[in-house]
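> Sequence plus the predicted model coming up.
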Amino acid sequence: MPSTITITFPDGSSRDHPCGVTARELAAGISPSLAKKAISAHVNGVHWDLGWPIEGDAGITINTMADEHAALELIRHDLAHVMARAVQELWPETRVTIGPVIENGWYYDFDRAESFTPDDLAIIEKRMRKIINAADPVRSEIWSRGKAIAFYRERGENYKVELVEAIPDGEAIRMYWHGRWQDLCRGPHLQNTGQLPGDSFRLQSIAGAFWRGDPDRPMLQRIYGIGFRRRNDLKQHLKMLEEAQKRDHRRLGKSMDLFHFQEEAPGMPFWHPDGWTIYSELRSYMARKQKANGYREVNTPLVVDRTLWEQSGHWDKFHEHMYLVNVDEKISSEGRISALKPMNCPCHVQIFNARQTSYRELPMRIAEFGSCTRYEPSGALHGLLRVRGFVQDDAHIFCEESQIEAETARFIALLSEVYADLGFTSFKVKFSDRPDIRAGDDTVWDKAEEALEAATNAAGCSYELNPGEGAFYGPKLEFVLTDAIGRDWQCGTLQVDFVMPARLGALYVGQDGVRHHPVILHRAILGSFERFIGILIENYSGSLPLWLAPKQAVVATIVSTADTYAETVLARLRDAGIRAEGDMRNEKINYKVRMHSLAKVPYILAVGEKEVENGTVSLRTLGSKTIDVLPVDAAVSRLAARARPPDTA
RNA sequence: GCCGAUGUAGCUCAGGCGGUAGAGCGGGUCAUUCGUAAUGACCAGGUCGGGGGUUCGAAUCCCUCCAUCGGCACCA
């Protein structure tokens, strides 16, 4: 190790320092105020604790609270420690585990026999402020594994023992102290707890979480917090959450009278007329899009004998999540067990297998708006976003290996068009590769993953890796959309499958006259109509584009003498294919405008004495205060033109 | 499925240390005929999620089941 090292600052100036100098000392060398304001450093690009020694030549920047990224990271991380300390001070019997930074905040998992209550959160917050006010110094040391394990054993912190044991050889075991309170942590951290803003954080919720995500290990109690640099940022975030909750599709579904759920059929939506209108419009649109892109639509049975599911491998992996179907023994002596189909692929393969297919017919694209039913775990159900009964916009592309690339590009293009039409211009793409439990040997998986990866790259589609999350029969691309409060949901998917064709005996005759297994591309664009509509409602806050709006226009009378005229206007709109309704109630126009605006009806056509006299309507557009007075013909043709679905416009 | 919370009128919610329930919106009726985000009055609506227990008496306390919400786990 050299005795002196060269430190270079962002302005390009550099100086020699003794090896092992800390960023805190460097900051102090610049100015006392910087030493006080400093929160951390970046040393050769690595986020660095002010107290860690620097042991080689380095470029360094000193961070203060003005450096947003570093500041938020530290604030949230230190708040996690301060919260854990507060909890252990209040309830010393609590064992601590882990507490990472997450988006907007942090969580910490605790093991404690008694449950935390919502009231406890305020108590913990108060204690945290006390710790912040104490401005206790933060320091760290690197310990040997043996010393750390002994330390935690003695204190009964068994989870920490397990964590220390799991740290790979050669990685430092760093021990941190916030005042006298100790935690195992990679760091970095702030200089002292007093650097934390005491008014810009909040404990949000308590939840259960399995230790190490393993359902066979103990259930811990997780406390979530959010933290920011300034009180205003916190307030803004809370306000945003509140606004987001108003967009929740479950809430809008109720207030807009689109659908409901009830105890007798958990996870199975009852679609009301207006909700079903959205559904039907979307389905017609998808049918046209797919037809125009070379898909043939089919329909397959809802109830299928278990032998088919055994053959496909779904029985083995998912039979606990399948609805089994049988009939009264007095009526049937067959004794067969069938299942409601949880997915469509084996059925589509039956259609493929029903006759001999030539390579000339490939790629063969078979689509179905397939009704599927899955017994999802009760805790997974979530409005329309996770249901037990749903319809997939499913299709299977039977093709040769050489066609994977072109078909992938074609699919991604189609999906992008559809998403853009539906208001989603940006979306996440995840690449999920082989899971631990899977069908097919590794050579098949190598081939499938390589093919999908190459095809995705060739299509110019960037993605993030999602290791081990593929389907049991093949790797998949997931097209992910986000709900009102930022939760991710897989909607579209593309899966490359070399396994199912062999299992289900799918064959085509190649150019060489020999039979081959085709490759199956499993794909969906929306995923399920249910989930997609849920996201769609949230994305538009219920104000759907005109072509999807259940009620496109309301003709509202101002005086009852306009009733007859309103009826004729209404008839004209309906003749033009507009979903219009009349409001001839004995109410003031103010009331009607308010009511239909709240119901998010895109157009209100008000008619009173003037309109009757001139053959006009007063057209009011949702979200706008201006009113167009125009002849009925003009209004009808304007609405009709605007109401055309994007693929027919 | 697991941890925790919640469940009162169509909706949003108040109340309830045990003595059989309230508001606002919505709905109905009547009056009002009004010009772009709430006209007024009156009326009807609830076995307080289901079942069981304690009690003279349970919406309120206890047990249990169901559903929902927030997470975790799961997601073909």
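Okay, I see it.

> Give me the spatial nearest neighbour of whatever residue of the stretch 151-300 of chain A ends up closest to RNA strand B, chain neighbours excluded.
Using Cβ to the nearest atom of the strand, the single residue of the stretch 151-300 of chain A nearest to RNA strand B is A:G208, 2.7 Å away. Bear in mind the C-beta positions are built from the backbone N, C-alpha and C, glycine included. Ranked by Cβ to Cβ, 6 or more residues apart in numbering and with sequence neighbours excluded, the top spatial neighbour of A:G208 is A:M219, at 5.0 Å.

> before we move on, back to that, help me confirm that the residue of the stretch 151-300 of chain A closest to RNA strand B is found in a strand?
Yes - assigned with DSSP: H, G, I helix; E, B strand; the rest coil, A:G208 falls within a strand.

> coming back round to it: I'd guessed the residue nearest to A:G208 sits against A:R212; true?
No - counting by Cβ atoms under 8 Å, A:M219 sits too far from A:R212 to count as a contact (11.6 Å).

> quick one, which of these two is more surrounded?
Between A:M219 and A:R212, counted using other Cβ atoms under 10 Å, A:R212 has the larger neighbour count: 16 against 12.

> what about the more buried one, which SS state?
helix.

> tell me which parts of the stretch 251-400 of chain A are close to RNA strand B?
A:251, A:254-255, A:261, A:263, A:266-267, A:314, A:318, A:321-322, A:342-343, A:345, A:374-383, A:386 (Cβ under 7 Å from any atom of the strand).

> Dig out what the residue of the stretch 151-300 of chain A closest to RNA strand B forms beta bridges with.
Note on A:G208: beta-bridge partners A:Q221, judged by DSSP bridges.

> Within its local environment, how many residues does it see?
Residues near A:G208, counting by other Cβ under 10 Å: 11.

> Can you name the residues bridging to the closest residue to A:W52 other than its chain neighbours?
Leaving aside its chain neighbours, A:W52 sits nearest to A:T22 (6.5 Å; criterion: Cβ to Cβ, 6+ apart). Judged by DSSP bridges, the bridge partners of A:T22 are A:P53.

> and the gap between A:A209 and A:R222?
4 Å (Cβ to Cβ, to the nearest Å).

> wait, A:F472
From A:F472 to A:R222 the distance is 30 Å (Cβ to Cβ).

> what's the closest non-adjacent residue to the closest residue to RNA strand B within the stretch 1-150 of chain A?
In the stretch 1-150 of chain A, the residue that lies nearest RNA strand B is A:S115 (3.7 Å; Cβ to the nearest atom of the strand). Counting by Cβ to Cβ, 6+ apart, A:S115 lies nearest to A:Q221, which is 6.7 Å off, once chain neighbours are set aside.

> residues contacting the one you found?
A:D109, A:F110, A:D111, A:R112, A:S115, A:F116, A:I206, A:A207, A:G208, A:A209 (Cβ atoms under 8 Å, 6 or more residues apart in numbering).

> Please apply the same query to A:T4.
A:D16, A:H17, A:P18, A:C19.

> As JSON lines, the contacts of A:Q221 with pLDDT would be great.
JSON lines is the format used below for the contacts of A:Q221 (pLDDT from 0 to 100):
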{"residue": "A:D109", "pLDDT": "98"}
{"residue": "A:F110", "pLDDT": "98"}
{"residue": "A:D111", "pLDDT": "97"}
{"residue": "A:R112", "pLDDT": "95"}
{"residue": "A:S115", "pLDDT": "92"}
{"residue": "A:F116", "pLDDT": "94"}
{"residue": "A:I206", "pLDDT": "95"}
{"residue": "A:A207", "pLDDT": "95"}
{"residue": "A:G208", "pLDDT": "96"}
{"residue": "A:A209", "pLDDT": "97"}
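
> pLDDT score for the residue nearest to A:S115?
For A:Q221, the pLDDT comes out at 97.

> Ok, A:M1 next?
A:M1 carries a pLDDT value of 67.

> now swap in A:G335 and tell me
pLDDT, A:G335: 76.

> if we can go back for a sec, list buried members of the contacts of A:T4 by neighbour count.
Buried by 16 or more other Cβ atoms under 10 Å: A:H17, out of the contacts of A:T4.

> can you put the contacts of A:T4 in TSV and add distance to RNA strand B and secondary structure?
Shown next, in TSV, are the contacts of A:T4 (distance: Cβ to the nearest atom of the strand, whole Å; DSSP: H, G, I helix; E, B strand; the rest coil):
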residue	distance to RNA strand B	secondary structure
A:D16	48	strand
A:H17	44	strand
A:P18	46	strand
A:C19	42	coil
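
> any low-confidence regions in chain A?
Along chain A, segments meeting pLDDT under 70 span A:1.

> mind listing the strands in the stretch 151-300 of chain A by residue range?
Using DSSP state E, counting those that start in this stretch, the strands of the stretch 151-300 of chain A run over residues A:173-178, A:181-184, A:201-210, A:219-227, A:259-260, A:270-271, A:296-297.

> Turn these into CSV, including distance to A:A395.
What follows is the strands of the stretch 151-300 of chain A, written out as CSV (distance: least, Cβ to Cβ, whole Å):
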stretch, distance to A:A395
strand A:173-178, 52
strand A:181-184, 50
strand A:201-210, 36
strand A:219-227, 40
strand A:259-260, 25
strand A:270-271, 23
strand A:296-297, 9
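
> what number of residues lie near the residue nearest to A:W52?
Applying other Cβ under 10 Å, we find 17 residues neighbouring A:T22.

> same thing with A:P342?
Neighbours of A:P342 (other Cβ under 10 Å): 18.

> again, but for A:I331
Neighbourhood size, A:I331 [other Cβ under 10 Å]: 7.

> so it sits in a strand?
No - assessed with three-state DSSP, A:I331 is coil; it does not lie in a strand.

> Distance of it relative to A:E264?
With Cβ to Cβ as the criterion, A:I331 and A:E264 are 25 Å apart.

> next one: A:L521
Taken as Cβ to Cβ, the span from A:L521 to A:E264 is 38 Å.

> more neighbours, these two?
The neighbour comparison of A:L521 against A:E264 (other Cβ under 10 Å) goes to A:L521, with 25 against 7.

> Can you name the residues that contact A:E400?
Contacts of A:E400 by Cβ under 8 Å, 6+ apart are A:Y359, A:L362, A:P363, A:G510, A:H516, A:P518, A:V519.

> was I right about the first one contacting A:Y508?
Yes - in this structure, A:Y359 is within contact of A:Y508 by Cβ under 8 Å, at 5.7 Å.

> Neighbours of the nearest residue to A:D111 once chain neighbours are set aside, how many?
With Cβ to Cβ, 6+ apart as the criterion, A:D111 has its nearest non-adjacent residue at 4.1 Å, and that residue is A:R95. Residues lying near A:R95 (other Cβ under 10 Å) number 18.

> do the one 3 residues further on as well
Around A:I98 sit 20 other residues, with neighbours defined as other Cβ under 10 Å.

> Many thanks, we can stop here.
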